[in-house]
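Visitor: Give me coordinates for this.
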Amino acid sequence: MASRTEHRPTPEELLRRVQAAERRERRGRLKVFLGYASRVGKTYRMFDEGRRRKQRGQDVVVGLVQTANAPDVEGMLSCFEIIPPIRERHGGQTYEVIDLPTLFRRHPAVCLIDELAYDNPPGTRNPQRWQDVEDLLDRGIAVITAVNLQHIREQQHDVERLTGKRASQSVPEAFLREADEIEVVDVPPDSLLDRSGAANRPDSRVLAELRELALLLAADVVERQLLEYLEMHGVTARFGAQERILVCLTPRSNAEAMLRSGHRNALRFHGALLVAYVEQPGLHAEDRARLDAHLALARELGAEVHCLRGADFVESLLAFAGEHRVTQLFLGHTGQERRFWFSRSPIDRLIEAAETFDLRLFPRSESQ
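Guide: Numbering: from 1, shown residues only. Now for the predicted structure:
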């Protein structure tokens, strides 16, 4: 559930919004077709999008197309004006480089760029093709492009874990997060298996996991767009496209159960595992050793560890959860927090405030 509150922006926030709006107004729009594996048809979808825009009267050109393409793609190229690439020879290899000067002079409304992740030869204007696309966008030219998940730099570790292969060329995820629109070419894995030759046939489980990674990446981009829109209109939103699990640790909490459960959930939903603890001066040596052991396990499981400070534990925890858009909060309890009928325990207060996250309680004994 999303909680949205109006607030009066500071002068610094207003300036930032104005600058962001001016940049968006000048900058060309970027649309990315994201394939979760080879042969999903991302290049076809990109050129088909360009063809439909051209039929609607937009000025569309091809800035770069790979020489070897499927027959259905080749059949579409005749309807476009193609700006020939610059061919350069370096180290015994021929490179095709986007002809930026010609495109700057021609200044089409939309430019189609195939295979976003390619490198340029040494000595050219930009080391990588995605940087050429940035230059086109900065000149006010809209770009439609295509890339596979295996070429997204921050996703390459997971792709290699699933496929055993790592692409040599990459695009930073931050570039995709600047896209105005991202579309996953969502071919069902079984259909993709039929397109692959027997020698290259991937495992259906691997394809399903790659597809999930691509969909989650696209969801993150959409979330960024929505948050940016809300910020521009002075609205603060607390929600997330992915699971963000926060485990709150104390020296005597049932830390291993909470951490391992949080870790399993984070892996299952490709989410984030966060750990928070409150700095407590004057801890006994035994409690300090317990807390240090809990934090060591958290780091071993790959969690982000944060130390919270503040006079009010609950307020600090709620502020942290809101800032990091936490979706699940794991907390230990003894079952004896409410000692008087007129008192409100920390758990009572968290339950009352849990509008934007699920609260999960893990019992612990007083002997822990």
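Visitor: From the chain's centroid, how far away is stretch 204-223?
Guide: Its chain's average C-alpha position is 10 Å from that of stretch 204-223, according to C-alpha atoms, centre = their mean, to the nearest Å.
Visitor: According to the record, where do the domains of this protein fall?
Guide: As given by automatic domain parsing, the domain ranges for the chain are 3-237, 244-363.
Visitor: Rounded mean pLDDT for the first one, please.
Guide: Okay, so that is domain 3-237. For domain 3-237, mean pLDDT is 84.
Visitor: mind listing what the closest residue to residue 304 other than its chain neighbours touches?
Guide: Nearest non-adjacent residue to residue 304, counting by C-beta to C-beta, 6 or more residues apart in numbering: residue 274, 5.0 Å away. Glycine gets a C-beta too; all of them are placed from N, C-alpha and C. Shown in contact with residue 274 (C-beta atoms under 8 Å, 6 or more residues apart in numbering): 244-247, 303-304, 306, 324, 326.
Visitor: How about residue 308?
Guide: Contact partners of residue 308, counting by C-beta under 8 Å, 6+ apart, are 276-279, 316-317, 320.
Visitor: And residue 95, by the same measure?
Guide: Shown in contact with residue 95 (C-beta under 8 Å, 6+ apart): 87-89, 119-121.
Visitor: Wait, a strand at it?
Guide: Yes - according to DSSP: H, G, I helix; E, B strand; the rest coil, residue 95 belongs to a strand.
Visitor: Give the bridge partners for it, please.
Guide: On the basis of DSSP bridges, residue 95 is bridged to residue 88.
Visitor: got the end-to-end distance for stretch 98-109?
Guide: Using C-alpha to C-alpha, to the nearest Å, one end of stretch 98-109 lies 16 Å from the other.
Visitor: ignore the last one, stretch 192-212
Guide: Distance across stretch 192-212, first residue to last, is 15 Å (C-alpha to C-alpha).
Visitor: And for stretch 25-36?
Guide: With C-alpha to C-alpha as the measure, stretch 25-36 spans 31 Å from end to end.
Visitor: Show me what counts as buried in it.
Guide: 27-36 (16 or more other C-beta atoms under 10 Å).
Visitor: The stretch 1-150 of the chain: helices as residue ranges?
Guide: 11-26, 42-55, 71-77, 100-106, 129-138 (DSSP state H, counting those that start in this stretch).
Visitor: try the stretch 201-350 of the chain
Guide: Assigned by DSSP H, counting those that start in this stretch, the stretch 201-350 of the chain shows helices spanning 204-232, 255-268, 285-300, 313-323, 346-353.
Visitor: Which one of the ones you listed lies nearest to residue 43?
Guide: Smallest distance to residue 43 across the helices of the stretch 201-350 of the chain (C-beta to C-beta): 15.8 Å, for helix 204-232.
Visitor: Not counting sequence-adjacent ones, nearest residue to residue 257?
Guide: The nearest residue in space to residue 257 (C-beta to C-beta, 6+ apart) is residue 362, at 5.7 Å.
Visitor: so where's the stretch 201-350 of the chain shaky on pLDDT?
Guide: Applying pLDDT under 70 to the stretch 201-350 of the chain flags the ranges 201-202, 227-241, 270, 334-344.
Visitor: One more pass at 80, please.
Guide: Across the stretch 201-350 of the chain, the ranges flagged by pLDDT under 80 are 201-203, 220, 222-242, 267-270, 280-282, 310-311, 333-348.
Visitor: May I have the distance across stretch 32-40, first residue to last?
Guide: For stretch 32-40, the first-to-last residue distance is 14 Å (C-alpha to C-alpha).
Visitor: Ok, stretch 266-281 next?
Guide: End-to-end distance for stretch 266-281: 31 Å, by C-alpha to C-alpha.
Visitor: if we can go back for a sec, and the contacts of residue 274, which of them are buried?
Guide: Buried members of those, scored by 16+ other C-beta under 10 Å, are 244-247, 303, 324, 326.
Visitor: which of these lies closest to residue 64?
Guide: Looking across these and measuring by C-beta to C-beta, the closest to residue 64 is residue 244, at 38.2 Å.
Visitor: Name the residues linked to that closest one by a beta bridge.
Guide: Beta-bridge pairing of residue 244, defined through DSSP bridges, involves residue 272.
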